[in-house]
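>>> Below are the sequence and a predicted model for it; my questions follow.
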Amino acid sequence: MRLIPRLMTGLRARLVIGFLIVVAIALALMFATLPRLLDGYFAQQAREDLGRRTGEIRLLITGRLLQYQSAGVEAPRPILQPTEPLSVASGLRESLGTAEGGYVFELARDIAQANVTVTIAPDSEHADQIAYQLDVPLSDAYARPGQQREPIVGDAYTFDFPDRFWTQGGAAAPQRLVSVRLSDPFTYRAQTIETIVGVMGVAAVLALVAAVITSLLIADRLANPIRRLTGAARELSEGHLDTRVEPPGNSVEMGELTAAFNAMAERVQDSIEFIRRDRDRSRDFLADVSHELRTPIAALRTFNELLTEGQVPEAATRQEFLEQSRLQIERLDWLASNLLELSKLDSGLVLLDLRPDDLRAVVENAIAQAQPNADRKGVELVVKVPDEPLRQRHDPQRMGQVLGNLIGNAIKFTPSGGRVEVSLAPTDGGAEFRVADTGVGIDARELPFVFDRFYRGAQASEPRATGSGLGLSIVRSIVEMHNGRVAISSTAGAGTQVSVVLPADVSVSSPAAVRA
């Protein structure tokens, strides 16, 4: 019993009910108006048919009167006797006949199918003086199957008839005024209307049945896409982010709705996947930070305990422990600064100060800062920049940070006597920085991971192992904020090349784009 209310509240049930209500209203209006229209139409047809039969009866009665007149032996017989007042000839009564079997009675029964009234007046000027009136009522017993009497009185068919009889003065025969009227005819109007209404009733039942079937098909066709969308939304809410709905081909609106749903599902999936990746990166980031901080903290704790407990009596050893503690503190400070910098870049808290300056100044400043370190290590720094200024929108401080990290890494991984080349060149629609060294290189298996945070390589050499693993991550974040791209290529034992390409039209990227 609970299923019926649920079905009645469903979209398909409401569509079916609404469709049936519309069909029922249309049928009700048809039954309310059509019988009246048919009744008026058939009544008008009955009046016209009665007028036609009146004309036929008039012709037959005229012929009968002529036959009566011409039956005289010596002279035409008059239809009215020249008496005072005028009276009908006795023979005319018998010739017309009113009783069953008489001439007018047969006309009324076989042709008129109605009551017949014939009147004869002296002339048109004395139409109200009726010299003779013949009434032939037709009883209901003579109605044919399906006929019913209609209370209709037809128009009188009046005509002048010459009453030819002999006169001593040789005067012209007078014109008698003869009228024929039919009334209360038998018609098939009621039976016809009843038959039509019956057929309409059968047609209405068939129409309702067809409406039910058609509405079910239409409702199912309309409701199926909505049910599929509902099911897809339910699956999407349960975590099936790859759920999509096939657009229906029978409805433009449902196709647009399905396309909008699929686009929404696509964006939801991308957002969830981004959140998951970001969560995983955050988890890995915390794990890496914890690992990176554990080593210097453990060393500081050990040095502090040894010095506090007085287990290092030699002054030189204590001085060495203090120096190592200072180095670990500097490492912690440097690590914290890099972590803070990377966090600001990832969160979008850093805004670029874009200026249309000469990119050569960035290279020159970075070389100037790295030259002392290169001299101490015995690494040759080579600079190649255009002779003409290369002006392009960029953040000089941040791009200087990028080149500083790249040049610093190149010097650190290049042995004494090696060479680091820094170049700047224009490209189609932008500019390219390139830093190439002749250092230890990177294994091909490690290249896809060098921009990841804290990554120093599974086969890291000693110089690489001493770094924080954040420098290249910071480089990538800053370059992507400039809508640029960074690429690296390397061969183990043969050196590394890093290129940074900046577009000419630099606009600040969104934080989400930087983090992605």
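The structure has been received and is ready for your questions.
>>> residue ranges of the helices in this protein, please?
Ranges of helices in the chain, per DSSP state H, are 3-9, 11-69, 90-96, 103-107, 189-237, 252-308, 315-347, 359-377, 396-412, 462-465, 471-481, 511-515.
>>> wait, which of those is closest to Leu177?
Ranking the helices of the chain by their distance to Leu177 (criterion: CB to CB) puts helix 11-69 first, at 12.6 Å. (C-beta placed from N, C-alpha, C; glycine too.)
>>> what packs against that closest one?
Applying 3 or more CB pairs under 8 Å, 6 or more residues apart in numbering; DSSP states H and E, one finds that helix 11-69 makes contact with helix 3-9, helix 90-96, helix 103-107, strand 157-162, strand 175-183, strand 186-187, helix 189-237.
>>> and the last one, what does it pack onto?
Applying 3+ CB pairs under 8 Å, 6+ apart, one finds that helix 189-237 makes contact with helix 11-69, strand 148-149, helix 252-308.
>>> returning to what we had before: which one of the helices and strands packed on helix 11-69 has the lowest average pLDDT?
Among the helices and strands packed on helix 11-69, helix 3-9 carries the lowest mean pLDDT, at a mean of 47.
>>> And Asp333, what's its pLDDT?
73.
>>> Now for it, how many residues are close by?
11 (other CB atoms under 10 Å).
>>> May I see the helices of the chain organised as CSV, with distance to Ala173 added?
Listed next are the helices of the chain as CSV, based on distance: least, CB to CB, whole Å:
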stretch, distance to Ala173
helix 3-9, 87
helix 11-69, 10
helix 90-96, 15
helix 103-107, 23
helix 189-237, 43
helix 252-308, 87
helix 315-347, 129
helix 359-377, 135
helix 396-412, 135
helix 462-465, 148
helix 471-481, 127
helix 511-515, 120
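>>> Identify whichever of those helices lies nearest to Glu388.
helix 359-377 (9.1 Å).
>>> Centroid-nearest residue for the protein?
Glu253 (1.5 Å; CA atoms, centre = their mean).
>>> For Pro247, see how far away that residue is.
11 Å (CB to CB, to the nearest Å).
>>> for Ser473, same thing?
Relative to Pro247, and taking CB to CB, Ser473 is found at 42 Å.
>>> who's more crowded, these two?
Ser473 (23 against 16).
>>> correct me, but the more buried one touches Asp452?
Yes. With contact defined as CB atoms under 8 Å, Ser473 reaches Asp452; the gap is 6.9 Å.
>>> if I read this right, Ile367 contacts Ser423, doesn't it?
No. If you go by CB under 8 Å, Ile367 and Ser423 don't touch, sitting 11.3 Å apart.
>>> pLDDT averaged over stretch 61-73 - what is it?
Per-residue scores along stretch 61-73 average to 79.
>>> Actually, stretch 474-493.
86.
>>> quick check: domain ranges of this protein?
For the chain, the structural domains run 12-192, 241-347, 351-515, going by automatic domain parsing.
>>> and the ones you listed as TSV, adding distance to Met200?
Formatted as TSV, the domains of the chain follow (distance: least, CB to CB, whole Å):
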stretch	distance to Met200
domain 12-192	7
domain 241-347	33
domain 351-515	69
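>>> and among those domains, the most buried is which?
domain 351-515 (a mean of 17; mean count of other CB atoms under 10 Å).
>>> give me the number of residues near Ala233?
15.
>>> ok, for it, nearest residue in space, not its chain neighbours?
Closest residue in space to Ala233, ignoring its immediate chain neighbours: Phe261 at 7.5 Å, by CB to CB, 6 or more residues apart in numbering.
>>> follow-up on the earlier one: now for Ile367 and Ser423: what residues contact both?
Val383 (CB atoms under 8 Å, 6 or more residues apart in numbering).
>>> Please name the residues that touch Ala211.
Phe19, Leu20, Val23.
>>> And Gln67, by the same measure?
Ser95.
>>> any idea how far it lies from Val116?
Taking CB to CB, one finds Gln67 at 18 Å from Val116.
>>> what residue ranges in the stretch 401-516 of the chain score low on pLDDT?
Counting by pLDDT under 70, the stretch 401-516 of the chain contains low-confidence ranges at 453-469, 506-516.
>>> Now stretch 257-268: average pLDDT?
Mean predicted lDDT for stretch 257-268 stands at 85.
>>> does Val420 really touch Leu381, like I thought?
Yes. When contacts are counted by CB under 8 Å, Val420 is listed as touching Leu381 (5.5 Å).
>>> Identify the contacts common to the two.
Here Val420 and Leu381 have Ala374, Ile407, Ile411 as joint contacts, going by CB under 8 Å, 6+ apart.
>>> Please identify which of those residues is nearest to Arg267.
Ile407 (41.1 Å).
>>> Run through the residues that contact the closest one.
Applying CB under 8 Å, 6+ apart, one finds that Ile407 lies in contact with Ala366, Ile367, Ala370, Leu381, Val420, Val422, Val435.
>>> now stretch 364-374: how far from the chain's centre is it?
Relative to its chain's centre, stretch 364-374 lies at 63 Å (CA atoms, centre = their mean, to the nearest Å).
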